[in-house]
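Asks: model this:
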Amino acid sequence: MTHLNNIQNKIIDRKNLNEQLQQWKKENKKIVFTNGCFDILHLGHIDYLSKAADMGDVLLIGLNADESVSRLKGPHRPINNEQSRGMILAALEFVNAVVKFEEDTPYELIKQVQPDVLVKGADYKIEQIVGHDVVQAKGGEVRTIDYLPGYSTSGIEKKIKEG
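Replies: Residues are numbered from 1 along each chain as shown. As a prediction, the model looks like this:
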């Protein structure tokens, strides 16, 4: 199998996700879940995602679909389409799987995944994190990670526009 095939195989659609989840659970893997738009991957994302991956055995990323990104970030976003964003995330060695969701929040996806650890940026309080109730009800952890200062997609976008 080629490297490209390996990357493509990490992108799982919602209807095939349960099979992969069952395999990880059978292997007693600690599943870490995070989500986002990841429109222009930058050092802040790498720092955040690598720290999230360190919290368990499997890092599963919920990726906002293009229409969801537009609703959340405005009509000029996403800059990169969902296929590109998914492939770039899946190419990271510490990412085990990427699954796209169409909704504005990953709540239904989190209910499906039932992760052991739910991770978001430290700009959220635990009780503000979508899905915290689902994860805590099953005895899982909800954790936050400090962002790397000076890195944001909005900041990069502003720099590009200003030339």
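Asks: Next up, the contacts around residue 79.
Replies: When the contact criterion is C-beta atoms under 8 Å, 6 or more residues apart in numbering, the partners of residue 79 are 39, 40, 153, 157. Placement of C-beta: from N, CA and C, glycine included.
Asks: In which helix or strand does the last one reside?
Replies: It stands for residue 157. Assignment of secondary structure by DSSP states H and E places residue 157 within helix 153-162.
Asks: how about that helix: buried residues?
Replies: 153, 157 (16 or more other C-beta atoms under 10 Å).
Asks: what separates it from the chain centre, distance-wise?
Replies: Taking the mean of its C-alpha atoms, helix 153-162 sits 22 Å from the chain's own mean (C-alpha atoms, centre = their mean, to the nearest Å).
Asks: Closest one to residue 134 out of the contacts of residue 79, please.
Replies: residue 39 (25.9 Å; C-beta to C-beta).
Asks: if I read this right, that closest one contacts residue 154, doesn't it?
Replies: No - contact between residue 39 and residue 154 fails when scored by C-beta atoms under 8 Å: they sit 9.2 Å apart.
Asks: returning to what we had before: the helix holding residue 157 - contacts with which helices or strands?
Replies: When contacts are defined as 3 or more C-beta pairs under 8 Å, 6 or more residues apart in numbering; DSSP states H and E, helix 153-162 packs onto no helix or strand at all.
Asks: mean confidence for it?
Replies: Along helix 153-162, the predicted local confidence has a mean pLDDT of 77.
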